[in-house]
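[1] Sequence and predicted model, in that order:
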Amino acid sequence: MKTMSTIHLDGCGGCQLEMLVKQKHIADLFSLLEFVPGHARTKADVGIVIGHFSMEELKRYRGIYDKIIISGACANESYLELLEIHDNAERDDDAMEMLLKDDLYRVKGCPVSLDELIYTIQCLKEGSSPKQINYPVCKECKEKENVCLLKEGKRCYGSLTAAGCGAKCPSMGVPCRGCRGWLPNAKKELLEKIFMKYEKTCG
Ligand code: SF4
Ligand code: SF4
């Protein structure tokens, strides 16, 4: 594994800005693999996909990249939407196979977590599987001994959201809006009831 490339699709530009601002992370990233320009459609071992994408685009990337890293909240949102569409209403076995293939990896965050991106590429280089965090933001929030925002009547989605950000928002008094994506089997209707209960208590 020697080369990587990035594809920037529509999104707010926050992930790209994060990459520009955190120069040290980018230097670390470039020390792992050689960068080849994405828009030349040059083949690369790893493709970093940022922003919303369609099934057609994913098919095209499969012909260019050996491994694909879906990076940031927008790309992850597209991925989950495609999974839902092709697993339900428009059941498409070819699409599902493509979405579930083990050469596809996900790095979360809004903007994308560069630490996790570097970790993922390191794992791919070593031939190991990057670990996915499957516990909620609340765990990290409790470890920081924050006062729970639910008790203040704020709609925090930390209990349903995959951790890994260090409870960044609640630590600053801002409710988690779930940018790292829901945990599997997240019960949104139950949390809605909890919100209502606390909202009544807080008046
Ligand atoms: S503030 Fe949010 S993340 Fe923190 S414990 Fe409460 S619900 Fe969980
Ligand atoms: S606390 Fe929630 S919204 Fe904030 S960075 Fe973490 S996952 Fe994203």
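    Ah, there it is. Ligands and ions are numbered 1, 2, ... in the order given.
[2] What separation do you get for Ala75 and Thr6?
    Taking CB to CB, to the nearest Å as the measure, Ala75 falls 11 Å from Thr6. Where C-beta positions appear, they are placed from N, C-alpha and C, glycine not excepted.
[3] Give me the common contacts of the two.
    Here Ala75 and Thr6 have Val49, Ile50 as joint contacts, going by CB atoms under 8 Å, 6 or more residues apart in numbering.
[4] neighbour-wise, which of the two wins?
    Ala75 (26 against 21; other CB atoms under 10 Å).
[5] Buried ones in the least confident helix or strand in the chain by mean pLDDT, by neighbour count?
    Least confident helix or strand of the chain, by mean pLDDT, DSSP states H and E, is helix 93-100 with a mean of 84. Buried positions in helix 93-100, judged by neighbour count with 16 or more other CB atoms under 10 Å: Ala95, Met98, Leu99.
[6] These into JSON lines, with extra columns for distance to Gln16?
    Listed next are these as JSON lines, based on distance: CB to CB, whole Å:
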{"residue": "Ala95", "distance to Gln16": "28"}
{"residue": "Met98", "distance to Gln16": "26"}
{"residue": "Leu99", "distance to Gln16": "25"}
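[7] now the least confident helix or strand of the chain, how far from the centre of its chain.
    19 Å (CA atoms, centre = their mean, to the nearest Å).
[8] now swap in stretch 123-135 and tell me
    With CA atoms, centre = their mean, you get 14 Å for stretch 123-135.
[9] So what touches that stretch?
    1, 32-33, 46, 67, 105-106, 116, 119-120, 162-164, 183-184.
[10] swap in stretch 91-100?
    With CB under 8 Å, 6+ apart, stretch 91-100 has contacts from Met55, Leu58, Lys59, Arg62, Tyr79, Leu82, Leu83, His86, Asp87.
[11] where does the residue in the chain that ligand 1 sits nearest to land on pLDDT?
    Minimum separation of the chain from ligand 1 (CB to the nearest ligand atom) falls at Gly158, amounting to 2.3 Å. Listed pLDDT for Gly158 reads 97.
[12] Quick one: end-to-end length of stretch 142-156, please.
    One end of stretch 142-156 sits 14 Å from the other (CA to CA, to the nearest Å).
[13] how far does that stretch sit from the chain's center?
    Centre-to-centre, stretch 142-156 and its host chain are 23 Å apart (CA atoms, centre = their mean).
[14] repeat for stretch 158-166
    11 Å.
[15] which SSE is Glu18 in?
    Here Glu18 is covered by helix 14-21, with elements defined by DSSP states H and E.
[16] Close to ligand 2: what parts of this structure are there?
    110, 137, 161, 165, 167-170, 176-180 (CB under 6 Å from any ligand atom).
[17] run the last query once more with 5 Å
    Within the chain, the positions adjacent to ligand 2 are Thr161, Cys165, Lys168, Cys169, Cys176, Arg177, Cys179, Arg180 by CB under 5 Å from any ligand atom.
[18] For PyMOL, write a command that selects the buried ones of these.
    Entered in PyMOL, the line below selects the buried ones among these, by 16+ other CB under 10 Å:
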select buried, resi 161+165+168+169+176+179+180
